[in-house]
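S.K.: coords please:
(one chain, ligands or ions: 1)
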Amino acid sequence: MTDAELRRRAMKVVPGGMYGHLNAALFAPGFPQFFARGEGCRQWDVDGREYIDFMCSWGPVVLGHRHPRVEAAAAEQAALGDCLNGPGPIMVELAELLVDTVPSADWAMFSKNGTDATTQALMVARAATGRTKVLVAHGAYHGADPWCTPSLSGTTPNERADLVEFTYNSLTSLEAAAATVEGDVAAIIVTPFKHDSFEDQELVEPAFARGARALADRLGAALVIDDVRAGFRIDLRGSWEPYGVRPDLTAWSKAMANGYPIAAVTGTDALRGAAQTLYSTGSFWFSAVAMAAAKATIETLRDTGGIGSMERAGTQLREGLYAQAKSHGFVVNQTGPVTIPWLSFDGDADLSVALYWSDACLRHGVYIHPWHNWFMSAAHTEADVTRALEGTDQAFAETRAHFG
Ligand code: PMP
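M.R.: Have a look, this model is predicted:
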């Protein structure tokens, strides 16, 4: 079954053929919609085309597709049972591992998606403070529930009424936002760096991170780090740990289980009682296979220095792309951590160059994204990045030939 045939069939039985951010119609024309399989840092689409994968399923695949240790742990648990009348022992083991790994974590609660975790973290903050308002960075993505989805379609104004926006990395703006609702701030929710789509990424200013912590303390509000996208690719202890800034609550998901569905909220002792009061559950939230995969993933990242591997591969990619862009006469910006990279072309406001180049990369076996950040995995070897750079070089040459 080809991609084109599947799209035709999907159009009849799936709204729009595909919905949400994985709708390939939103990328460049050559992007496949349907994939057949993945192995290590490679994916194959249903038409049999092979790609070196720099999206890693938009983040979850952090050790490479079908990582043996994770697959073995998942299979062992699956042989015992996945969705039982209650969680397995693995839930306690996984919570212990998170508490041991993450200094700001005294407890953990599990769910399935990043949106579950960000929403649950805000509920804990509200339960603890008895307040309603949440300070949130303008343009930041925290999930797809009515309170945070970027499209207002299907939402009501009430569902957004308790959000007050600030500008990422501006302490003045954060303090001004707080001042408008002084006395009623339940939480400040913030991503570890600015990774909004369609824009160059921005690392956090350490003074902003520390200022957000101090403001939350002054207000008696919870500092929530949304580490759903960046978690386990910057620092296993939490993405603001290198700055010495510890949140009250952290939302985790994506890379936690190398592709198995799981999310978590971790929090401090002070919020344990509030967390306990929530009615928070889901039919599949306690399935044991994803928990076994999560434990194996975090242990493997820890034992093998997985983040260091991603940093080496990401640095090789970044340096290679800078050299190639220059040699083809392009000025490019590469932003964000090297483990969660992105490249934009200078002066490419309508993204026409990025769309053309990403399409050309696909033709040369490299899967990157024109307007969303990419993800490295620990499976990207030096040889894989070298091979990918051959493809990107040809893509730059074709892009130059096209635009003159
Ligand atoms: N927060 C951030 C920072 C994210 O990047 C995402 C997912 N892209 C989410 C929350 C929501 O996660 P999910 O799609 O698993 O609900």
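S.K.: against the ligand, how distant is R7?
M.R.: 23 Å (Cβ to the nearest ligand atom, to the nearest Å). C-betas here are computed from N, CA, C, even on glycine.
S.K.: that residue against G16, yeah?
M.R.: No: here R7 lies out of contact with G16, judged by Cβ atoms under 8 Å, at a distance of 10.6 Å.
S.K.: and the residue in the chain that the ligand sits nearest to, what does it touch?
M.R.: Using Cβ to the nearest ligand atom, G114 is the residue of the chain that sits closest to the ligand, at 2.2 Å. Shown in contact with G114 (Cβ atoms under 8 Å, 6 or more residues apart in numbering): 142-143, 226, 228-229, 251-254, 263.
S.K.: buried members of those residues into PyMOL, please.
M.R.: In PyMOL, a selection of the buried entries from the contacts of G114 looks like this (16 or more other Cβ atoms under 10 Å):
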select buried, resi 142+143+226+228+229+251+252+253+254+263
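S.K.: closest to F396 among the contacts of G114?
M.R.: Nearest to F396 among the contacts of G114, counting by Cβ to Cβ, is R229 at 27.2 Å.
S.K.: so which of the contacts of G114 belong to strands?
M.R.: Residues of those located in strands (DSSP state E): 226, 251-252, 263.
S.K.: which of the residues you listed sit farthest apart?
M.R.: Top of the distance list for the ones in strands among the contacts of G114 (Cβ to Cβ): D226 and A263, 11.1 Å.
S.K.: what touches both of those two?
M.R.: 114, 251.
S.K.: for the protein, which residues are neighbours of the ligand?
M.R.: Contact residues (Cβ under 6 Å from any ligand atom) of the chain with the ligand: 113-115, 118, 141-144, 191, 226, 228-229, 253.
S.K.: any chance of the residues you listed in CSV, with distance to D100 and pLDDT too?
M.R.: CSV is the format used below for these (distance: Cβ to Cβ, whole Å; pLDDT from 0 to 100):
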residue, distance to D100, pLDDT
N113, 24, 98
G114, 23, 98
T115, 26, 98
T118, 24, 98
Y141, 29, 98
H142, 27, 98
G143, 27, 98
A144, 31, 96
T191, 24, 98
D226, 22, 98
V228, 21, 98
R229, 23, 98
S253, 19, 98
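S.K.: let's have the residues you listed in TSV, adding distance to A207.
M.R.: Below are the residues of the chain next to the ligand laid out as TSV (distance: Cβ to Cβ, whole Å):
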residue	distance to A207
N113	32
G114	27
T115	30
T118	25
Y141	24
H142	23
G143	28
A144	32
T191	17
D226	20
V228	24
R229	23
S253	28
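S.K.: which of the helices or strands spans V265?
M.R.: Using DSSP states H and E, V265 sits in strand 263-267.
S.K.: list the buried residues in that strand.
M.R.: So strand 263-267, judged by 16+ other Cβ under 10 Å, has buried residues 263-267.
S.K.: can you list contacts of that strand?
M.R.: So strand 263-267 is contacted by 98-99, 102, 104-114, 116-117, 120-121, 124, 228, 248-253, 256, 275 (Cβ under 8 Å, 6+ apart).
S.K.: stretch 90-99 too?
M.R.: 77, 105-108, 110, 252, 264, 266, 286, 288, 291-292, 294-295, 298-299.
S.K.: same check, this time on stretch 19-34
M.R.: 3, 6-7, 10, 16-18, 45-47, 49, 58, 144, 355-356, 358-359, 362-363, 369-372.
S.K.: how about a cut-off of 7 Å?
M.R.: Stretch 19-34 is contacted by residues 3, 6-7, 16, 18, 45-47, 49, 355, 358-359, 362-363, 369-370 when judged by Cβ atoms under 7 Å, 6 or more residues apart in numbering.
S.K.: burial of the closest residue to V62 other than its chain neighbours, as a residue count?
M.R.: Using Cβ to Cβ, 6 or more residues apart in numbering and skipping residues adjacent in sequence, the residue nearest V62 is A255, 3.9 Å away. Applying other Cβ atoms under 10 Å, we find 30 residues neighbouring A255.
S.K.: A255 contacts A230, correct?
M.R.: No: in this structure, A255 is not within contact of A230 by Cβ atoms under 7 Å, at 8.7 Å.
S.K.: off-centre distance for stretch 79-88?
M.R.: 27 Å (Cα atoms, centre = their mean, to the nearest Å).
S.K.: buried residues in that stretch?
M.R.: 82, 87-88.
S.K.: quick check, R66 in contact with R37.
M.R.: No: counting by Cβ under 7 Å, R66 stays clear of R37, with 8.5 Å between them.
S.K.: show me the residue at the heart of the protein, geometrically.
M.R.: R229 (1.9 Å; Cα atoms, centre = their mean).
S.K.: from T115, how far out is that one?
M.R.: 12 Å (Cβ to Cβ, to the nearest Å).
S.K.: again with T392
M.R.: For T392, the distance to T115 - Cβ to Cβ - is 33 Å.
S.K.: what packs against the helix or strand containing M109?
M.R.: Of the helices and strands defined by DSSP H and E, M109 is found in strand 107-111. On a contact count with 3 or more Cβ pairs under 7 Å, 6 or more residues apart in numbering; DSSP states H and E, strand 107-111 meets helix 89-101, helix 114-129, strand 263-267, helix 272-277.
S.K.: try it again at 6 Å.
M.R.: strand 263-267 (3 or more Cβ pairs under 6 Å, 6 or more residues apart in numbering; DSSP states H and E).
S.K.: the strand it packs on: how far from the chain's middle?
M.R.: 15 Å.
S.K.: quick one, it and helix 114-129 angle?
M.R.: Put simply, strand 263-267 runs at 30 degrees to helix 114-129, going by axes from the mean of the first three to the mean of the last three Cα atoms, to 10 degrees.
S.K.: list the neighbouring strands of strand 263-267 plus their orientation.
M.R.: strand 107-111 (antiparallel), strand 249-252 (antiparallel) (DSSP bridges).
S.K.: fine by me, thanks again.
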